[in-house]
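1. Here is my input, please return the structure:
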Amino acid sequence: MTTPEADDHATQNLLEEVVATDRKFARTAVNNGVRTAQQRWIEAPLIAEALTLELVDLAHISQSAGQIAEQLRAIASAIETQNPLH
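-> Below is the predicted model of the structure:
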């Protein structure tokens, strides 16, 4: 017989595995889409615009607007840090 703590730990581990698998699948799918656009000679700013528009749509339909907005702010900060505009 397992303890409730052990069951909670096993459940948490299973959830983390599912999230990791889903994250990998989502990243692969998006990466494939970006590569397809690049192979069609679509410019990077247009690909980024399309991704952004999809993120906005996803935020509205998934009720995750706050979380997605936070991720976008972190992305913008990282891009500006890596490629200063001045």
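
2. switch to C-alpha atoms for all contacts and neighbour counts from now on
-> Fine.

3. low pLDDT regions in this structure?
-> Applying pLDDT under 70 to the chain flags residues 1, 83-86.

4. Which helix runs longest in the chain?
-> As assigned by DSSP state H, the longest helix anywhere in the chain is helix 4-39.

5. What residues sit buried inside that helix?
-> V34 (16 or more other CA atoms under 10 Å).

6. Next: stretch 57-71.
-> 59, 65, 68.

7. now, among these, which is nearest to V19?
-> Nearest to V19, judged by CA to CA, of the buried residues of stretch 57-71 is I68 at 16.4 Å.

8. Would you mind measuring from the spatially closest residue to L55 that is not a sequence neighbour to V56?
-> Residue nearest to L55 in three dimensions, not counting chain neighbours: I68, with 7.5 Å by CA to CA, 6 or more residues apart in numbering. Here I68 is placed at a distance of 8 Å from V56 (CA to CA, to the nearest Å).

9. helix/strand/coil for the residue nearest to L55?
-> When classified by DSSP: H, G, I helix; E, B strand; the rest coil, I68 comes out as helix.

10. Looks like it contacts A59 (just checking).
-> Yes - the pair I68 / A59 is scored as a contact, 6.3 Å apart, by CA atoms under 8 Å.

11. Many thanks, we can stop here.
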